[in-house]
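Sharing a model prediction with you, sequence too.
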Amino acid sequence: MSIADNLERIKTELGPDITLVAVSKYSSDEEVQQAYDAGHRDFGENKAQDVASRKENYPEDVRWHFIGHLQRNKVKYIAPFVHMIHSVDSLRLLREINKRAKNENRLIPCLLQMHIAKESSKFGLDRDELNEILSNEDVKEFKNVSIRGLMGMATNTEKEELVKSEFEELKNLYDELKSTDHPLLKVDTLSMGMSQDYKIAIECGTNMVRIGSAVFKS
């Protein structure tokens with residue numbers, strides 16, 4: 001199947017209320033162009049300098065999502081244009097994003113990445129760290145970031161019940177966050193589900209998925 005066919009099939013499965021971020025980090029510029037020509041506009045990359053370079057090859061209406069682990073010294077490369085940062089996993093990183101966004105006179109939408117997997121190799125906050133960020137008095141004064149919701153990656157396993165339980169945990173936390181009163185919270189985005197588990201994520205209530213191989217591989 002072509003990339004256009006893959007996009008059409010997946011978007012039909014997702015329905016109108018779930019945003020598809022096509023993860024282009026392993027794809028060629030030609031493949032990304034095919035997705036763009038098919039009408040797709042949301043793309044995900046996980047290296048700051050790569051997406052800053054790739055951005056120059058496409059029209060301004062592309063929405064670039066940063067989905068990888070982000071080092072503070074790399075924020076400057078994406079602050080001028082990034083549509084959303086999915087992977088905020090520390091107060092220090094959020095502070096740096098706010099600083100760089102202020103320099104660019106921008107408001108950058110961010111997701112807080114939660115650690116839900118049974119794998120130590122994955123990044124993310126635990127519940128206590130999330131509460132520490134939200135209760136920090138400095139954070140309440142940030143003017144150039146907006147916390148739009150949560151992101152998480154489930155355990156890489158064939159045990160569907162484990163994946164489902166992790167996604168349900170994240171969805172419950174997302175619902176709690178939606179009802180939390182905080183000046184930075186504008187909660188409307190739950191980013192969970194990738195090529196191997198997005199169908200489970202749909203069942204669990206996601207409204208944004210990050211899919212690479214299922215889009216770009218025939």
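Structure received.

Going by C-alpha atoms from here, please, whenever you check contacts or count neighbours.
OK.

So which residue is smack in the middle of this structure?
Centroid-nearest residue in the chain, with Cα atoms, centre = their mean: residue 86, separated by 3.2 Å.

what mean pLDDT does the helix or strand harbouring that one have?
Under the assignment given by DSSP states H and E, the secondary-structure element containing residue 86 is strand 84-88. Within the predicted structure, the mean pLDDT of strand 84-88 is 98.

Tell me the first helix or strand C-terminal of that strand.
Counting by DSSP H and E, the element after strand 84-88 in chain order, helix or strand, is helix 91-103.

what helices or strands is that following helix leaning on?
helix 75-78, strand 108-114, strand 145-152 (3 or more Cα pairs under 8 Å, 6 or more residues apart in numbering; DSSP states H and E).

can I get the ones you listed in a markdown table with mean neighbour count?
As requested, these are exported to a markdown table (neighbours: other Cα atoms under 10 Å):
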| stretch | mean neighbour count |
| --- | --- |
| helix 75-78 | 20 |
| strand 108-114 | 24 |
| strand 145-152 | 24 |
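
Output these as CSV; include the columns distance to residue 175 and mean pLDDT.
Shown next, in CSV, are the helices and strands packed on helix 91-103 (distance: least, Cα to Cα, whole Å; pLDDT from 0 to 100):
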stretch, distance to residue 175, mean pLDDT
helix 75-78, 29, 98
strand 108-114, 14, 98
strand 145-152, 9, 98
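
Which one of these lies nearest to residue 123?
Between residue 123 and these, the shortest separation by Cα to Cα is 7.5 Å, and it involves strand 108-114.

Extract the C-alpha set from the helix with the most length in the chain and format it as PDB.
Within the chain, and with DSSP state H defining each element, the longest helix by residue count is helix 160-178. Below are the C-alpha coordinates for helix 160-178, written out as PDB (Å, rounded to 0.1, in the frame of the first residue of the first chain):
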ATOM      1  CA  GLU A 160      -2.300  -6.500  25.600                       C
ATOM      2  CA  GLU A 161      -3.800  -6.400  29.100                       C
ATOM      3  CA  LEU A 162      -0.600  -4.800  30.400                       C
ATOM      4  CA  VAL A 163      -0.600  -2.100  27.700                       C
ATOM      5  CA  LYS A 164      -4.300  -1.500  28.300                       C
ATOM      6  CA  SER A 165      -3.800  -1.100  32.100                       C
ATOM      7  CA  GLU A 166      -1.000   1.400  31.500                       C
ATOM      8  CA  PHE A 167      -3.100   3.400  29.000                       C
ATOM      9  CA  GLU A 168      -6.100   3.400  31.400                       C
ATOM     10  CA  GLU A 169      -3.800   4.700  34.200                       C
ATOM     11  CA  LEU A 170      -2.700   7.600  31.900                       C
ATOM     12  CA  LYS A 171      -6.300   8.400  30.900                       C
ATOM     13  CA  ASN A 172      -7.400   8.500  34.500                       C
ATOM     14  CA  LEU A 173      -4.500  10.900  35.300                       C
ATOM     15  CA  TYR A 174      -5.400  13.000  32.300                       C
ATOM     16  CA  ASP A 175      -9.000  13.300  33.500                       C
ATOM     17  CA  GLU A 176      -7.800  14.400  36.900                       C
ATOM     18  CA  LEU A 177      -5.600  17.000  35.200                       C
ATOM     19  CA  LYS A 178      -8.500  18.400  33.200                       C
END
